[in-house]
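Novice: Please find the sequence and the predicted model below.
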Amino acid sequence: MRVEHLVTSGTFSLDGGTWDVDNNVWIVGDDREVLVIDAAHDADAIAAAVGDRTVLAVVCTHAHDDHVNAAPALADRTGAPILLHPDDRVLWDRTHPDRKPDGDLADGQVLTVAGTALTVLHTPGHAPGAVCLHAPDLGVVFTGDTLFQGGPGATGRSFSDFPTIVDSIRDKLLALPPRTVVRTGHGDSSTIGDEAPHLDEWIARGH
């Protein structure tokens with residue numbers, strides 16, 4: 001059982017703006033089966049990293065276009081279902097109006113790959129249907145754009161809210177063991193223990 005990391009590049013568009021971005025794609029599993037977390041930008045590169053392993057699901061931490069733009073192509077190529085929290089359909093439909101996700105994610109739901117459980121944590125704020133995936137046996141939480149090294153994800157655009165993301169981080173993420181490694185949607189990883197002491201600073205500056 002292992003966590004593999006791929007960086008893909010493309011753009012993120014919302015509210016009339018477009019930005020160049022590098023995204024973290026996480027592949028979790030073993031030599032037989034995997035979950036793909038956030039199929040960003042490049043279905044070919046992700047499929048190459050997966051190889052001949054079975055993709056049990058393409059899991060979306062949220063539906064901003066840079067995190068889901070390669071999801072349908074990867075799903076079609078692998079036969080895997082796309083899983084998304086239903087509160088993010090408003091964002092998904094802007095990118096893929098003619099392709100629905102195949103299944104819903106829900107708070108407390110458990111996804112299993114290679115005998116390892118990942119628990120879905122609904123963490124709205126960056127997006128209404130944002131989720132994180134906690135794998136306690138691996139000591140890892142995949143946070144998408146909810147928590148980064150240095151603070152919360154951005155909340156300055158449509159469908160986002162700063163007090164909501166702070167509540168999500170405080171209630172769902174900072175309750176995890178301090179040694180839990182934070183695997184983010186962009187940039188470097190961190191740990192819960194490294195981020196937890198700074199919560200009051202984030203609130204004070206309205207990060």
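Specialist: Looks like it came in fine. Since the model is a prediction, treat every value here as computed from it, not as a measurement. Numbers count the residues shown, from 1 in each chain.
Novice: From now on I want contacts and neighbour counts done on CA atoms only, so please keep to that.
Specialist: OK.
Novice: contacting residues for residue 1?
Specialist: Contacts for residue 1 (Cα atoms under 8 Å, 6 or more residues apart in numbering) come out as 28, 29, 30, 31, 114, 116.
Novice: I'd like to know which of these are buried.
Specialist: 28, 29, 30, 114 (16 or more other Cα atoms under 10 Å).
Novice: quick one, phi psi at residue 188?
Specialist: Note on residue 188: backbone dihedrals following degrees, to the nearest 10 are phi -80, psi 160.
Novice: sorry, back to before: which of the contacts of residue 1 fall within strands?
Specialist: When the contacts of residue 1 are checked against strands (DSSP state E), the matches are 28, 29, 116.
Novice: if I look at residue 45, how far off is residue 39?
Specialist: Separation of residue 45 from residue 39 (Cα to Cα, to the nearest Å): 10 Å.
Novice: quick one, which of the two is more surrounded?
Specialist: Ranked by neighbour count (other Cα atoms under 10 Å), residue 45 and residue 39 place residue 39 first, with 31 against 16.
Novice: My guess is that one contacts residue 68. True?
Specialist: Yes. The pair residue 39 / residue 68 is scored as a contact, 5.5 Å apart, by Cα atoms under 8 Å.
Novice: Which stretches in the protein count as strands?
Specialist: 2-14, 17-29, 33-37, 54-59, 82-84, 103-104, 110-113, 116-122, 131-135, 140-144, 147-148, 151-152, 181-184, 190-191.
Novice: Save the ones you listed as CSV, and put in mean pLDDT and distance to residue 170 too.
Specialist: CSV is the format used below for the strands of the chain (pLDDT from 0 to 100; distance: least, Cα to Cα, whole Å):
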stretch, mean pLDDT, distance to residue 170
strand 2-14, 98, 25
strand 17-29, 98, 23
strand 33-37, 98, 23
strand 54-59, 98, 23
strand 82-84, 99, 23
strand 103-104, 98, 24
strand 110-113, 98, 21
strand 116-122, 98, 12
strand 131-135, 99, 13
strand 140-144, 98, 13
strand 147-148, 98, 11
strand 151-152, 96, 11
strand 181-184, 98, 14
strand 190-191, 98, 14
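Novice: List just the one of those that sits closest to residue 94.
Specialist: strand 2-14 (9.6 Å; Cα to Cα).
Novice: Check the offset of that closest one from the chain's centre.
Specialist: Averaging C-alpha positions (Cα atoms, centre = their mean, to the nearest Å) puts strand 2-14 10 Å from its chain's average.
Novice: And for stretch 127-136?
Specialist: The answer for stretch 127-136 is 6 Å, by Cα atoms, centre = their mean.
Novice: what's the first-to-last distance across it?
Specialist: Termini of stretch 127-136 sit 24 Å apart (Cα to Cα).
Novice: Thank you, goodbye.
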